[in-house]
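> Below is the sequence, then the predicted model.
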Amino acid sequence: MIRSTRSIERLLGAVIAATLMAGCALAQDTASTSSPAFKLDSGDIAWMLTSSALVLMMTGPGLALFYSGLVRRKNVLGTMMQSFAMMVLITLQWFLFGYSIAFHEGSGWGGLSWMFLGGVSPAQPDPYGYAATIPHQLWMVYQLMFAIITPALVTGAFAERMKFSAMAIFLLAWSTVVYDPLAHWVWGKGGWFRNGDGQELVGALDFAGGTVVHISSGVSALVCALFLGKRRGYPREAMPPHNLTYSFIGAALLWVGWFGFNAGSAVAASGLAVSAFVATHFATAAAALSWAVMEWLQRGKPSVLGGISGAVAGLVAITPASGFVGPRAAVAIGLVAGAVCFFACTSLKNRFGYDDSLDAFGVHGIGGTVGALLTGVFASKWVNPAGADGLLHGNARQLLNQAVAVVATWALAAAGTLIILAILKATIGLRVSEEDEIEGLDVTQHGEVGYNF
Amino acid sequence: MIRSTRSIERLLGAVIAATLMAGCALAQDTASTSSPAFKLDSGDIAWMLTSSALVLMMTGPGLALFYSGLVRRKNVLGTMMQSFAMMVLITLQWFLFGYSIAFHEGSGWGGLSWMFLGGVSPAQPDPYGYAATIPHQLWMVYQLMFAIITPALVTGAFAERMKFSAMAIFLLAWSTVVYDPLAHWVWGKGGWFRNGDGQELVGALDFAGGTVVHISSGVSALVCALFLGKRRGYPREAMPPHNLTYSFIGAALLWVGWFGFNAGSAVAASGLAVSAFVATHFATAAAALSWAVMEWLQRGKPSVLGGISGAVAGLVAITPASGFVGPRAAVAIGLVAGAVCFFACTSLKNRFGYDDSLDAFGVHGIGGTVGALLTGVFASKWVNPAGADGLLHGNARQLLNQAVAVVATWALAAAGTLIILAILKATIGLRVSEEDEIEGLDVTQHGEVGYNF
Amino acid sequence: MIRSTRSIERLLGAVIAATLMAGCALAQDTASTSSPAFKLDSGDIAWMLTSSALVLMMTGPGLALFYSGLVRRKNVLGTMMQSFAMMVLITLQWFLFGYSIAFHEGSGWGGLSWMFLGGVSPAQPDPYGYAATIPHQLWMVYQLMFAIITPALVTGAFAERMKFSAMAIFLLAWSTVVYDPLAHWVWGKGGWFRNGDGQELVGALDFAGGTVVHISSGVSALVCALFLGKRRGYPREAMPPHNLTYSFIGAALLWVGWFGFNAGSAVAASGLAVSAFVATHFATAAAALSWAVMEWLQRGKPSVLGGISGAVAGLVAITPASGFVGPRAAVAIGLVAGAVCFFACTSLKNRFGYDDSLDAFGVHGIGGTVGALLTGVFASKWVNPAGADGLLHGNARQLLNQAVAVVATWALAAAGTLIILAILKATIGLRVSEEDEIEGLDVTQHGEVGYNF
Amino acid sequence: MKKIEAIVRHFKLEEVKSGLSEVGVQGMTVTEVRGFGRQKGHKEQYRGAEYTVDFVPKVKIEIVVADDRVRDAIDTILRTARTGQIGDGKIFVTDLAEAVRIRTGETGEDAL
Amino acid sequence: MKKIEAIVRHFKLEEVKSGLSEVGVQGMTVTEVRGFGRQKGHKEQYRGAEYTVDFVPKVKIEIVVADDRVRDAIDTILRTARTGQIGDGKIFVTDLAEAVRIRTGETGEDAL
Amino acid sequence: MKKIEAIVRHFKLEEVKSGLSEVGVQGMTVTEVRGFGRQKGHKEQYRGAEYTVDFVPKVKIEIVVADDRVRDAIDTILRTARTGQIGDGKIFVTDLAEAVRIRTGETGEDAL
Ligand SMILES: Nc1ncnc2c1ncn2[C@@H]1O[C@H](COP(=O)(O)OP(=O)(O)O)[C@@H](O)[C@H]1O
Ligand SMILES: Nc1ncnc2c1ncn2[C@@H]1O[C@H](COP(=O)(O)OP(=O)(O)O)[C@@H](O)[C@H]1O
Ligand SMILES: Nc1ncnc2c1ncn2[C@@H]1O[C@H](COP(=O)(O)OP(=O)(O)O)[C@@H](O)[C@H]1O
């Protein structure tokens, strides 16, 4: 039916641009009317500005480096471009309607009242108390950085074989039908799992995005890996990382940036932020050790890739728990996550033979699930009175709640991903041609090469 | 007349060092006398310390990577060294007299009262209200980071062919006779274009440096490209970027660091900082999309270099406007800037055939001009009461003011650059020898090579 | 006596993991009891969170890049892994007992009362006034970042030849018997050199770690270089840096991160932090100039490696002084440090012929010593009333105190290092086999290669 | 003895190597090269500049074999390196005057 | 058939390639090499260490041509690769025993 | 004239070069290659994937010398490149039909 995919792709770009133009032209920015009942705190603003910058840095250059180091040389730019495209496209989607869907009041989703960021004040806090001491726009832009990295994480599953145009459309759609609603369910005013409002169906704890960010991206990654199929030649041909030093730099930047992600989720420069910072750091170290020790025992050598993979697994797993546990629980979570993700990325993957190229599922899907469940084990009201107690503090119920949220997330992510992929496959197609796959994404999708040494 | 260039260069280094020594020896640091009428804010200090660090990071490693990835392998270190030299030399020039010229009170320039940073207090705010809630030294060092990156931007025009010594002297002189006075005109107490004092000739809006930083560097870059002439072999020989992955990392770090540049220009962790942060981020994404779409339409493929160039163009264009517009106007500015700079770096450059090697003019000169003018279109007192309304808010006058400031900046930058270059050409010479150009700057200027793979 | 080194190494990993597990299981985290007498400051917290992130960034990716760029290609990952291992292992050591040894009250050391971070509150300041306006955990984690980078600095001395297992055990032990006690002596409540308590033996000034971090690591590095012996082929074979661009990126990130190191050591977003920030920046630029000019005069060309080495030397030397001197003294300290370290890394090293592979001693040992002594010359109560006056301000005594602290640090570092190395040499051995050294650490220690271009 | 130089596609290297091992070739030396021929290159664009890259990455495999193994070796390369698309590469054969194993000093076919 | 190996300066590669194309050479294989000869290298300094790098980067162009094209090819290389400065490089010619096109199995001059 | 190709260990390059210079060889061309032979490669592991890398990095030294210098050159290489361990490499010698110096057009032994 569709005759020329290429022209459609171009058209799409033009349409997006035109829509944005229109939005800008029609709607002049106006500042919100003032309201007396708030008090901005410069320290909190300082920390949240910093955190927003840190979380953007996680995607670019952090994740872009982590991922692009793991692919073959011919796909280095294509892989970076996937992260970069999210920095660009999700930002504009957020501007158009994404933020409204995710964070305006509502039960299943937030509706479209905040389209074009109308009513999102640069001077006053948001109306629902997401963040009481910083301007609404700061909360909005901080959350945007989460919305950017989440689809970027998914790209690890289909690295080295997906068409750029299909990738862009897929992840824009995915962000709209999976991420935004999910963020609403877990964090949005009126959301079904939002803990503490008293209106939620099931109160799940997710401090900084174990379900919303990591399970959603990780599970979708698995679906992508299965749906798109393996890379040509996998696993027969050797496909070693072309530049592990990039993955190292990326992982280190992820570690640093994750302080903005987790400690920033306290939305204030408070004791809670400190606690989340500390939990994050110790869990990361513990998971890196745990993965490396597993490797040492099983394979005879601890590797850099193992160490940094463990660190990322630890960062993932502590994410939902970071604001609810102290350093000891954090170390425990890290130790478990490192070992479990090690098995997921080695034995499990090899057993089932799917080509989750950069282990987005093994690290984020599994790590996120481990973290979300262990949050239900270790959470403590001593650490965060606004949270809940977990199994170890006598509240087995919380573990159940966590499990419910985990299952719901798996379901939404898998279903949403499957549907979008099926539609795209039937229309513009998902994979590059075999020839292009051999030649590489850099030249075929972008007309460039990474290195001219 | 001058017999040995080399010994002169060495002498120069020694003289600078000796002067600094003398300055240090003669003038013991003393803290300023105290004054009761101020109130430091720890949140504002925290944000401005962070912003200062971020803006330094923009030059090194940010810009150094962005630029050095675009040159050929044999010039990678030489290109990095140009950015690094600015971090070193401009810092010392600022210490000696640069800051005084730029920010002490005065009309055309600030004079020399603050030489050796005498009277610049670490404990109290500056006397003119540049920054009311942070110590004077913090304002001084924050502004220094701007003074560093501006000449570093110019280096993109003469990449791969200028002598290191000539480059160093040129940019030290340029900083003194172009940057410092211009910063004074636009931002300095008593400056001719400084908006809001009531003493200015023409009140131009330049929140974070559209004229001072980007037009000045971009226009000077064009003059350099024309004056020095093309690289040997340009455009006949292929000179593809040797490492686009570096340019990507650099661009991502520029994006992140630019939050310090623009949101930091609010000089407080305030709603205005948030607004500038948000405007910056959305304009950047819009410009990246705009450039990439242009490329996709015209060339059939969106490229990584296109995407990141667009992002930088957006960052440049939103710079003067960032504190005066909301997110919608920001998106509009970004869309325009991306497209216009795309044409400047492709059609325009090819039409006129100058060798602005890394498109310093196409991105900073053109992007800065677009941004400065559009600030006069979109600026709104709703967003920033201390600013002014633009054309769209009924004040056509502001657009005129912007145009005047733009013209003045073009004129000063072009004239200053031309004069310095002419003097240097007549004395120590500007370009490396043809042999050295073929062998590369790394080996010939610095006795090193970038990669020993 | 010991039969299988390999199984011992594996055992070790398992034991560490098990201990951590046990610690986590036995000791549930509980929040500290509350106390009314404190007032957290959100601005200070914001800055210290940021500083902690910055200092972690100094090790990874900063130092990892700086060092790994200087080695040969075959050791790039092994070198990165050494920094990364410190991020992991020292974090867990700090959790187990390191922090307690260093910062609990005591004279020679702090004892074990804070093992497993028991009693380290996320909500209240520490009991001794290390940091009055931020939670104790933030101080703890900020100090951890220092404890991480210090042993990582040592690795520069034995690059390209030490077994990974031996390196890990050596530095864990070193951190416990050299770093922790030394940190206690100089900064810990009751420590022998801690200035200002009135209980100290000798009041030495060390704002951010000239003795604790730089002399200790630098001197230990020299001992390592002498004890392990030269790399195979040194100095006959050419061993040029394999990727100076990495060293450049690393140095730039060190510069940026060091603001967290030095200005963060004010433990507040205060005028003192600003003063330290400014001193740091100006000293760095001055030292970079000084080294480059030396090189220009002596060798005919200023190099990138020279410039960045000078910058790092400046950062090192200003570290102890940064909170006690103004910008002029800072420039003077930088100029001296750049020149002295230049001679240490060229003439001195060549004269004595030890293979301090990455000049950890030449830069950190010498630079730290220069800085510690010059602190006793330039320190001024005008800048920091909580400090002391130096020689130039009429207090020759302070220079003597500094000298005593320097000597004590040299002694402790040298003795501690020697003992640990001797024990390890007699048991598991220190160096990789000659074959492994030729093949490189990446493949032999970690089963990976850095680049697959 | 003959020296056989085969210029083949990158991703065929493993297959060729295994094939040759199977027919008893015990050593080979491989070089990264760029080839120019009938196979088209690609275009690259960097802002205003457009380049046509005529050279295609290939690997060159060099093997020295006794005269009676030449046929086998060539056949094996033909079989394992062929895709049937333009750009499969060439095989060039030259006479060898002498071969020496550095380790032992052995010469002639013993050196292989 | 003859194999011509020319070691030339990097920046002359394009010119040589075009020249050879013009005289009908339809394929070639190019390798990055380092040359040692009369042309001087350069010095590098890294802190205390100073290295003299004797090797100069060059490219090696290999072309296999029919015997009657050898003269033309050599002349073309001489013309296009020459700068007149020390270090212009060398041309080495060897006899070829056989050539095969992998795609088709063609041999001899047909394979070129 | 003969062309001598020696495949040797990386870290022996300097020694071989000096040795050859001493016996009057004035030029050489060096290429990075990967060798496959009796010498074992190594294993690499990346998360779930394990690769055996059979190829070992080597350098190929090519020198063209007059016939009467061949013996000397070979002996020098044997002496300087040998460690006695498996993997020391090979020397291959071929006849050269012609040599030309690009700069001057000189041919034959004058071109060397
Ligand atoms: N005359 C030649 N001399 C040397 N190498 C050649 C020659 N012709 C082709 N080659 C090499 O063989 C490769 C494949 O040749 P090409 O003409 O593209 O396809 P095919 O081998 O299918 O005819 C080229 O990339 C080049 O490396
Ligand atoms: N005897 C030789 N054998 C192999 N290659 C050689 C020989 N002599 C020179 N070369 C190659 O030719 C290049 C140029 O040689 P050189 O002596 O520098 O200049 P010229 O070609 O002008 O005489 C060298 O870099 C080297 O690659
Ligand atoms: N038949 C061959 N043809 C071409 N190169 C070979 C051949 N055999 C060995 N080589 C090269 O020689 C190198 C050394 O050979 P190897 O068998 O490992 O050790 P040794 O030289 O000690 O016998 C190999 O890595 C390869 O580059």
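Received it, and whenever you're ready, just let me know what you need. Numbering: from 1, shown residues only, chains lettered A, B, ... in the order given. Ligands and ions are numbered 1, 2, ... in the order given.
> I'd assumed D:Thr83 was in contact with D:Ser89.
For the record, residue D:89 is Gly, not Ser. No - counting by CB atoms under 8 Å, D:Gly89 does not reach D:Thr83; the two are 9.9 Å apart. Just so you know, the C-beta spots here come from the backbone N, C-alpha and C atoms, and that holds for glycine as well.
> Quick check: neighbours shared by these two?
D:Arg9, E:Arg103 (CB atoms under 8 Å, 6 or more residues apart in numbering or on different chains).
> if you count what's nearby, which of these two comes out ahead?
D:Gly89 (27 against 14; other CB atoms under 10 Å in any protein chain shown).
> Close to chain F: what parts of chain D are there?
For chain D, the residues in contact with chain F (CB under 8 Å from any CB of the partner chain) are D:3, D:17, D:26-32, D:64, D:94-103, D:105, D:111-112.
> Show me those that map onto strands.
Judged by DSSP state E, strands contain the following of the residues of chain D next to chain F: D:3, D:28-32, D:64, D:94-95, D:98-101.
> Any quick PyMOL command for the buried ones out of those?
Here the buried members of those are turned into a PyMOL selection, burial being counted by 16 or more other CB atoms under 10 Å in any protein chain shown:
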select buried, chain D and resi 3+28+29+30+31+32+64+94+98+99+100+101
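> Including distance to ligand 3, could the ones in strands among the residues of chain D next to chain F go into TSV?
Listed next are these as TSV, based on distance: CB to the nearest ligand atom, whole Å:
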residue	distance to ligand 3
D:Lys3	8
D:Met28	5
D:Thr29	4
D:Val30	8
D:Thr31	10
D:Glu32	14
D:Val64	4
D:Thr94	13
D:Asp95	14
D:Glu98	13
D:Ala99	8
D:Val100	10
D:Arg101	5
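> restrict the ones in strands among the residues of chain D next to chain F to those near chain C?
Among those, none lies close to chain C by the criterion of CB under 8 Å from any CB.
> which one of the ones in strands among the residues of chain D next to chain F is nearest B:Asp206?
When these are compared for distance to B:Asp206, the smallest value, 51.6 Å, is given by D:Glu32; criterion: CB to CB.
> The residue of chain D found nearest ligand 1: how many residues sit nearby?
Relative to ligand 1, the nearest point of chain D is D:Gly35 (2.0 Å; CB to the nearest ligand atom). The local packing count at D:Gly35 equals 24, with neighbours defined by other CB under 10 Å.
> excluding its backbone neighbours, what's nearest the residue located most distally from the centre of chain D?
Ranked by distance from the centre of chain D (CA atoms, centre = their mean), the top residue is D:Gly48, with 37.4 Å. Nearest residue to D:Gly48, sequence neighbours excluded (CB to CB, 6 or more residues apart in numbering or on different chains): B:Thr346, at 4.2 Å.
> right, and that neighbour touches D:Glu50 too?
No - at 9.7 Å, B:Thr346 does not count as touching D:Glu50 under the criterion of CB under 8 Å.
> who has more neighbours, those two?
Relative neighbour count places B:Thr346 above the other of B:Thr346 and D:Glu50, with 23 against 14, counting by other CB under 10 Å.
> Which residues of the stretch 251-400 of chain A lie near chain B?
Proximity of the stretch 251-400 of chain A to chain B is assessed by CB under 8 Å from any CB, with A:Ala269 identified as the residues in range.
> quick one on the thing from earlier: going by secondary structure, the residue of chain D closest to ligand 1 is in what exactly?
Assignment of secondary structure by DSSP states H and E places D:Gly35 within strand D:28-36.
> who's in contact with that strand?
For strand D:28-36, the surrounding residues in contact (CB under 8 Å, 6+ apart) are D:7, D:13, D:17, D:20, D:54-63, D:87, D:89, E:17, E:27-32, F:7, F:31-37, F:55, F:58, F:60.
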